[in-house]
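Asker: Please work out how this folds:
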Amino acid sequence: MTGSAAAPISSGVVAEPPEQRRTLGVLLSAQILSGAGLAAGITVGALLAEQMLGSSRLSGLPTVFFTMGSAAAAVGLGRVSQRFGRRTGLSAGYLTGALGCLGAVIAAAIGSITLLFASMLVYGAGAATNLQARYAGADLAAPSRRGRAVSIVLVATAVGAILGPNLVRATGTVATKIGFPALAGPFMLGALAYASGALVLWLLLRPDPLLLARRLAADASSQASPVATTEQFASAAAAESRQKWSWPLASGAGIMIITQLIMVAIMTITPIHIEHHGHGIGVTGIVIGAHVAGMFLPSPFSGWLVDRFGYLAIAVAAGVTLLAAGLIAAWTPVDSVAMLVLALVLLGVGWNLGLVSGTTLVTDAVPLATRARTQGTVDLGIALAGAGGGLSSGLIFAATSYATLTLTGGLLALLIIPVVAVARPGAIKRA
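Answerer: Prediction:
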C-alpha cells in the first residue's frame with residue numbers, strides 16, 4: 001500500500017458517547033487488579049530461573065518464553081476481540097494468565113525448569129491482555145482525546161504493578177509458611193490478581209466498547225446518508241479491511257517495538273545485576289517497583305502531551321529519554337541504588353512515551369472495521385521484540401557487562417528518529 005493511511009468510514013464516531021465514562025471506570029478497576037499479576041514475572045522470573053539453572057547465562061529465558069506467549073496471545077486476543085468484542089477477549093486473556101501463574105507456582109515447588117518455561121508461555125497471555133486493554137479505552141474516545149483515554153487505562157495498571165514488586169518479601173513469607181519456595185509467592189499473587197481482573201471485565205464491561213463503537217458508526221453513516229443500508233456499510237468496512245498497511249501504521253508499530261526491545265532487555269537483567277553486587281531481594285523490589293512506576297504513572301501526562309503536541313514529537317522524546325536511561329545505568333557505580341533507581345525510572349518513562357504515542361498513531365491509522373485484529377498483530381511484533389530483548393540481555397550480560405548492555409540499549413533508542421520520519425502525519429485522517 002502507498003503512504004496514505006486507509007481512509008476510515010467517513011461517518012465515524014466523533015463525540016464521546018456517555019458509555020465511555022463507564023467503560024473507563026471498569027477498565028480502571030480491572031487494570032488495578034491485573035497490574036499485580038503483570039509484576040510477578042517481571043520481578044522474580046529471572047531470579048527463579050537462575051536459582052533452578054545455577055547460572056545467569058540463560059536467566060533471560062523466562063522472559064523469552066513469557067514474551068513468546070504474549071506474542072501468540074496478542075494475535076489470538078485481537079482475533080477474539082474482533083469477532084466477539086473486547087469483553088470476551090480481555091476476560092479470556094486474564095484467565096489464561098492466571099493459569100500460567102499457577103503453573104509457575106507448581107514449577108517452583110517441584111523444581112521443574114521445563115514446567116516453569118511452559119508456564120511462562122501461558123503467563124504471557126496476561127501481559128498481552130494488560131497491554132490490549134489500552135485499545136479498549138480508546139474505542140469510544142473522541143479523536144482529540146484518544147491519547148488521554150489510552151493513558152488513563154495505562155496508569156491504572158501502575159497501582160497493582162507498583163505494589164506487586166514491593167510485596168515480594170511479604171508474598172515470599174506467605175509462600176514459605178504454606179510449604180512453597182519464597183519465589184513462588186509473587187506468582188500466587190499474580191494468579192489471584194489476573195483471575196479477579198477477568199471476573200470484573202466479564203461481569204461489568206457492558207456494553208462492549210468495540211461493538212458499541214461499530215454500532216454507533218453504522219448509525220451515524222445511516223443518518224449522514226439516509227439511503228445507505230447496513231449492507232452498504234458492511235461493504236465499506238470490507239473495503240477498509242483490504243487496506244491492511246500504511247506508513248503511519250508501520251511507524252506506530254516501529255516506535256513501540258523499539259521501546260519494548262530496549263525496556264525488556266535492560267529490565268530483565270537488572271534484578272540479577274543487583275543480586276550480583278550483594279543487594280537483597282528487597283532492593284530488587286524497590287528498583288523494579290520504581291521502574292514500573294515510571295512505566296505507568298506518567299501516562300496521564302503522556303496522553304495530554306500526545307493530544308497537545310502530536311504523537312511524533314512525543315515519540316522522539318521517548319527515544320531521548322531511553323538514551324538518557326541507558327547512559328545513566330551504564331555510568332552508575334555498583335553501590336549506588338539511588339542512581340540505578342533513576343535510570344530504571346527513566347527507562348520506564350521512555351517506554352511509556354513510546355507506548356502512548358505509538359498506540360495513538362496506530363489507532364488513528366487503522367479503520368474501525370479491522371481495528372482489533374490489526375492491533376493484535378501490532379502487539380505480536382511488540383511481544384516478539386520483548387522476546388528478543390530478553391534473550392539477548394542474558395547473553396550480552398554474561399559475555400560483557402551490565403554497562404555494555406545498558407549503553408547499547410540507549411544508543412539503539414536513536415533508531416526511533418528515522419522510524420518517526422516515515423509516518424507522514426498529514427496522511428492520517430482521525431476518526
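Asker: show me where pLDDT drops low in the stretch 101-250 of the chain?
Answerer: In the predicted model of the stretch 101-250 of the chain, residues 164-165, 221-245 satisfy pLDDT under 70.
Asker: 50 - rerun?
Answerer: 228-230, 232-233, 236-243 (pLDDT under 50).
Asker: where do the helices sit along it?
Answerer: In the stretch 101-250 of the chain, the helices defined using DSSP state H, counting those that start in this stretch lie at 113-138, 146-166, 168-177, 185-204, 209-224, 230-241, 247-276.
Asker: what helices or strands is the shortest one leaning on?
Answerer: Pointing back at helix 168-177 there. helix 185-204, helix 281-296 (3 or more C-beta pairs under 8 Å, 6 or more residues apart in numbering; DSSP states H and E). Yep, even glycine has a C-beta here, placed from its N, CA and C like the rest.
Asker: Switch the ones you listed over to CSV; also include mean neighbour count and distance to Leu414.
Answerer: Listed next are these as CSV, based on neighbours: other C-beta atoms under 10 Å; distance: least, C-beta to C-beta, whole Å:
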stretch, mean neighbour count, distance to Leu414
helix 185-204, 24, 35
helix 281-296, 23, 20
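Asker: could you dump the ones you listed to CSV with distance to Tyr311?
Answerer: Below are the helices and strands packed on helix 168-177 laid out as CSV (distance: least, C-beta to C-beta, whole Å):
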stretch, distance to Tyr311
helix 185-204, 27
helix 281-296, 18
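Asker: so which of these gets nearest Ile152?
Answerer: Among those, the nearest to Ile152 by C-beta to C-beta is helix 281-296 (10.9 Å).
Asker: got the angle between that closest one and helix 168-177?
Answerer: Between helix 281-296 and helix 168-177, the angle comes out at 130 degrees (axes from the mean of the first three to the mean of the last three C-alpha atoms, to 10 degrees).
Asker: Using CSV, list the CA coordinates for helix 281-296.
Answerer: C-alpha atoms of helix 281-296 as CSV (Å, rounded to 0.1, in the frame of the first residue of the first chain):
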residue,chain,number,x,y,z
ILE,A,281,15.6,-9.1,47.1
GLY,A,282,14.1,-6.1,49.0
VAL,A,283,16.4,-3.8,47.0
THR,A,284,15.3,-5.5,43.8
GLY,A,285,11.6,-4.9,44.7
ILE,A,286,12.4,-1.2,45.3
VAL,A,287,14.2,-0.7,42.0
ILE,A,288,11.7,-2.7,39.9
GLY,A,289,8.8,-1.0,41.7
ALA,A,290,10.2,2.4,40.8
HIS,A,291,10.7,1.2,37.2
VAL,A,292,7.1,0.0,36.9
ALA,A,293,6.0,3.4,38.4
GLY,A,294,7.9,5.1,35.6
MET,A,295,6.3,2.8,33.1
PHE,A,296,2.7,3.7,34.1
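Asker: Now do that helix: which elements does it pack against?
Answerer: Applying 3+ C-beta pairs under 8 Å, 6+ apart, one finds that helix 281-296 contacts helix 19-53, helix 146-166, helix 168-177, helix 247-276, helix 337-365.
Asker: how about the CA coordinates for stretch 148-159, as CSV?
Answerer: The C-alpha coordinates for stretch 148-159 follow below in CSV (Å, rounded to 0.1, in the frame of the first residue of the first chain):
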residue,chain,number,x,y,z
ARG,A,148,-5.6,10.6,27.3
ALA,A,149,-8.0,7.6,27.1
VAL,A,150,-5.1,5.3,26.4
SER,A,151,-3.1,6.8,29.2
ILE,A,152,-6.0,6.5,31.8
VAL,A,153,-6.1,2.8,31.2
LEU,A,154,-2.3,2.5,31.5
VAL,A,155,-2.0,4.5,34.7
ALA,A,156,-4.5,2.2,36.4
THR,A,157,-2.0,-0.7,35.9
ALA,A,158,0.5,1.2,37.9
VAL,A,159,-1.3,0.7,41.2
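Asker: quick one on the thing from earlier: return the member of the helices and strands packed on helix 281-296 having the minimum mean pLDDT.
Answerer: Lowest mean pLDDT within the helices and strands packed on helix 281-296: helix 146-166, at a mean of 77.
Asker: What helices and strands are in contact with the helix or strand where Ala313 lies?
Answerer: Following DSSP states H and E, one finds Ala313 within helix 311-331. Where contact means 3+ C-beta pairs under 8 Å, 6+ apart, helix 311-331 is packed against helix 247-276, helix 299-309, helix 337-365, helix 402-412, helix 416-421.
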